[in-house]
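In: Structure of the sequence below:
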Amino acid sequence: MVVFEKGAKNWSAFSPDVEGCGSMGDDLDETRSQMREALKAYLDDTFQAGEPLPEARNTKVDFEEFDPEYATKQYVVEWLSVDLPESISSSRQSRAA
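Out: Prediction:
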């Protein structure tokens, strides 16, 4: 799950399940693309380091937790598909066959 926030002059994004991974862009489409790239890089690096990948657990967002004053007025929350690292994708396809 990814939360997109509209600021005064741009958009930003973060995933509650992937701490520290975020992006910014001039508009929602650019921010979505940048976030997909950031998540892909994070997952690839995490996999290469031999660390466990984060699991998608969150299904709701507490806006007061990260924006207590509601300074941002517009949000978009969506599931963003991201390709898994190649070795994981291959092993999942092998197990599914």
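In: contacting residues for the closest residue to R57 other than its chain neighbours?
Out: Counting by C-beta to C-beta, 6 or more residues apart in numbering, the nearest residue to R57 once its immediate chain neighbours are dropped is D17, at 5.8 Å. For the C-beta atoms, the positions are set from N, CA and C on the backbone; glycine is no exception. D17 sits next to 1, 54-58 when contact means C-beta atoms under 8 Å, 6 or more residues apart in numbering.
In: now with 10 Å?
Out: Residues in contact with D17 (C-beta atoms under 10 Å, 6 or more residues apart in numbering) are 1-2, 39, 53-58.
In: Compute the distance between P52 and L43, please.
Out: With the distance defined as C-beta to C-beta, to the nearest Å, P52 ends up 11 Å from L43.
In: Please, where are all the strands along the chain?
Out: Listed in chain order, the strands of the chain (DSSP state E) span residues 2-6, 11-14, 22-25, 74-78.
In: Using PDB, write down the CA coordinates of the second one.
Out: By that I understand strand 11-14. Once side chains and other backbone atoms are set aside, the C-alpha atoms of strand 11-14 remain, and they are given as PDB (Å, rounded to 0.1, in the frame of the first residue of the first chain):
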ATOM      1  CA  TRP A  11       3.300  15.200  -4.500                       C
ATOM      2  CA  SER A  12       5.100  12.800  -2.100                       C
ATOM      3  CA  ALA A  13       4.600   9.100  -1.400                       C
ATOM      4  CA  PHE A  14       5.400   6.500   1.300                       C
END
